[in-house]
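>>> below is the sequence, then the predicted model.
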Amino acid sequence: MHQGKLIVLSGPSGTGKTTLCRELVKRIPGLVFSISATTRDKRPGERDAYDYYFLTPAEFKRKIKAGEFLEWAKVYSHYYGTIKKPITDNLAKGVSVLLDIDMQGALQVKNKFSQAVLIFILPPSLEELRQRLIRRKRDSLDTIARRMKQIEEEMKYIPQYDQVVTNKDLVNTVKCLQTIIKQRMKTE
């Protein structure tokens, strides 16, 4: 049995990564979506163990000390991370795993799994990204302004990624990502 592939999608908040991930796992057999853990509060409509594993800061820190995370980081005053065991279990069974994680986490994953494929998702423009964040109505205007400033830092990571895809529209972006991922899943 062959080893599954680890595929990582990263990019600024609001580029559509979560939507893209959900579409990709529907369309690509043998690909599962990794659920991240976080210490942030649930947003309306979010479900534990579906959108995230919602942990208390104490629970999260215990898991860090126990070495249970593949990667983790503190972002915008909350912890986020990927629990290692479901990933390694799926890979060992030949199942490929798709992660939606930030740039710090992506580089941690690449250091541990050199064969991981890192894909950076870009917005069509910075103004379009700002409008998407406003339309989501999840964050205050101050938070959006802070995130927009952070994007410049995030863009510095692009050269460390294997692929860069601009999410202009969902249909074409999903098709492009499907092609990239299916090709990578075929290679050993």
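Here it is on my side, so go on. Residues are numbered from 1 along each chain as shown.
>>> strands of the protein, start to end?
Counting by DSSP state E, the chain has strands at residues 6-10, 31-33, 37-38, 53-54, 69-75, 78-83, 96-100, 117-122, 163-166.
>>> mind checking which of those is nearest Lys61?
Evaluated with CB to CB, the strands of the chain place strand 78-83 nearest to Lys61, the distance being 7.9 Å. Placement of C-beta: from N, CA and C, glycine included.
>>> using PDB, write out every CA atom in that closest one.
Only the C-alpha atoms of strand 78-83 are listed here, as PDB (Å, rounded to 0.1, in the frame of the first residue of the first chain):
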ATOM      1  CA  HIS A  78      -5.600  32.200  20.000                       C
ATOM      2  CA  TYR A  79      -3.900  28.900  19.600                       C
ATOM      3  CA  TYR A  80      -4.500  26.900  16.400                       C
ATOM      4  CA  GLY A  81      -3.000  23.500  15.600                       C
ATOM      5  CA  THR A  82      -3.300  20.100  13.800                       C
ATOM      6  CA  ILE A  83      -3.600  17.000  15.900                       C
END
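>>> contacting residues for the residue nearest the centre of the chain?
With the centre of the chain defined as its mean C-alpha position, the nearest residue by CA atoms, centre = their mean is Asp100, 1.2 Å away. Asp100 makes contact with 9-10, 17-18, 21, 33-34, 36, according to CB atoms under 8 Å, 6 or more residues apart in numbering.
>>> over to Arg130?
Residues near Arg130 by CB under 8 Å, 6+ apart: 144, 148.
>>> now it: how far from Tyr157?
As for Arg130, its distance to Tyr157 is 20 Å (criterion: CB to CB, to the nearest Å).
>>> ok, and what's touching the longest helix seen in the chain?
For the chain, the helix that runs over the most residues, judged by DSSP state H, is helix 170-186. Taking CB under 8 Å, 6+ apart as the criterion, the residues outside helix 170-186 that touch it are 5, 7, 9, 16, 19-20, 23-24, 27-28, 30-31, 96, 98, 117, 119, 121, 163, 165-167.
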